[in-house]
Each structure stands twice: as C-alpha cells, then as structure tokens.
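Asker: got a sequence here, can you model it:
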Amino acid sequence: MARPRNLDYRGFYELLVDHVRGYRGDVDEIVLLAPDLFRFLTNLLEDPRVHATARQLVCAALAYFVVPYDVEPEEIYGPRGFVDDVYLCAYVARVLRAMLPADVMEVAWDAEFPLFETIDRVYEQARQVLGERTDAVLRYVGLT
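Answerer: Numbers count the residues shown, from 1 in each chain. As a prediction, this is how the structure comes out:
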C-alpha cells in the first residue's frame with residue numbers, strides 16, 4: 001500500500017540533515033540516524049492504518065525533536081544533542097513493533113538499513129550513552 005503524501009515535513013527533515021551532515025564524533029552512528037528516524041515517524045503519521053494510540057506515541061517522539069531544551073539540547077551540545085531524540089524514537093519504534101503490523105512500519109522506513117535491526121542497535125547504543133538520563137527522556141514526554 002502506497003503512503004499518501006499529504007503532509008510535508010521536508011522543511012524540518014532538511015534542517016535535520018543539514019545539522020548532522022558531516023558530524024564525526026564518538027556517537028556519529030546514533031546522531032546520523034536522526035533524520036531517518038524523523039522521516040520514519042512522519043511517514044507513520046501519513047498512514048491511515050496507524051491507530052490513535054500509536055499516533056500519540058509518534059507525536060510524543062516528534063515533539064521531542066523540536067523542544068529546545070530537552071535532556072541533551074542541541075543548542076548546547078550541537079549534533080551530539082540528538083542522542084536523546086534518537087533514543088526516544090527507537091524506544092517508541094520498539095513499542096510500536098508490538099502495536100502495528102510489521103509491513104506498516106517497513107513501508108514507513110525509507111532508509112537503506114534494515115529497520116528492526118537498526119532500531120534495536122541504536123536503541124542499545126543510545127541507552128548506553130545516556131545512562132540514567134534515559135528515564136529523564138521518557139519522563140519528559142510522559143512515558144514513565
């Protein structure tokens with residue numbers, strides 16, 4: 001089933017791409033996935049098969065991208081500040097895996113890497129980097 005292209009999130013997606021482009025650091029694998037995860041979540045919002053409860057989780061993760069002073073603010077940490085955003089996206093994707101058919105999620109995933117392997121790997125990596133602050137990320141959006 002093709003996704004409808006009614007919503008246009010390209011502006012923010014392109015800002016993310018520009019912000020992380022060329023980032024090289026100890027967490028570059030995590031940071032460089034931020035645009036792909038943002039696009040994945042916005043694609044899920046365009047799919048009518050995604051029910052209201054799943055949409056609420058998606059919206060929480062998307063909102064976290066635009067909050068200026070989250071757990072690791074990009075304004076202070078630069079691109080490295082996307083580690084918490086990526087963690088939350090991966091957390092939400094793992095929850096959605098139990099709520100949505102796999103094909104719905106796979107259609108929304110536009111990146112070249114395998115969806116579920118990538119989500120699991122980046123979740124663990126970001127969780128390790130954030131340590132105890134993972135609870136603060138989840139609390140920030142009301143997921144704990």
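Asker: C-alpha only now, for contacts and for neighbours.
Answerer: OK.
Asker: what strand or helix carries the most centrally placed residue in the chain?
Answerer: Centroid-nearest residue in the chain, with CA atoms, centre = their mean: C89, separated by 3.0 Å. Element membership for C89, per DSSP states H and E: helix 83-99.
Asker: just to revisit the earlier point, in contact with the residue nearest to the centre of the chain, which residues are there?
Answerer: 37-38, 41, 61-62 (CA atoms under 8 Å, 6 or more residues apart in numbering).
Asker: quick one, what contacts A90?
Answerer: 37, 119-120, 122-123.
Asker: out of those, which is most surrounded?
Answerer: L37 (26 neighbours; other CA atoms under 10 Å).
Asker: quick check, that one in contact with V86.
Answerer: Yes - judged on CA atoms under 8 Å, L37 makes contact with V86 at a distance of 7.1 Å.
Asker: in three-state terms, how would D26 be classified?
Answerer: coil (DSSP: H, G, I helix; E, B strand; the rest coil).
Asker: retrieve the pLDDT associated with it.
Answerer: Looking at D26, its pLDDT stands at 92.
Asker: quick one: it from A34, how far?
Answerer: Distance of D26 to A34, computed by CA to CA, to the nearest Å: 15 Å.
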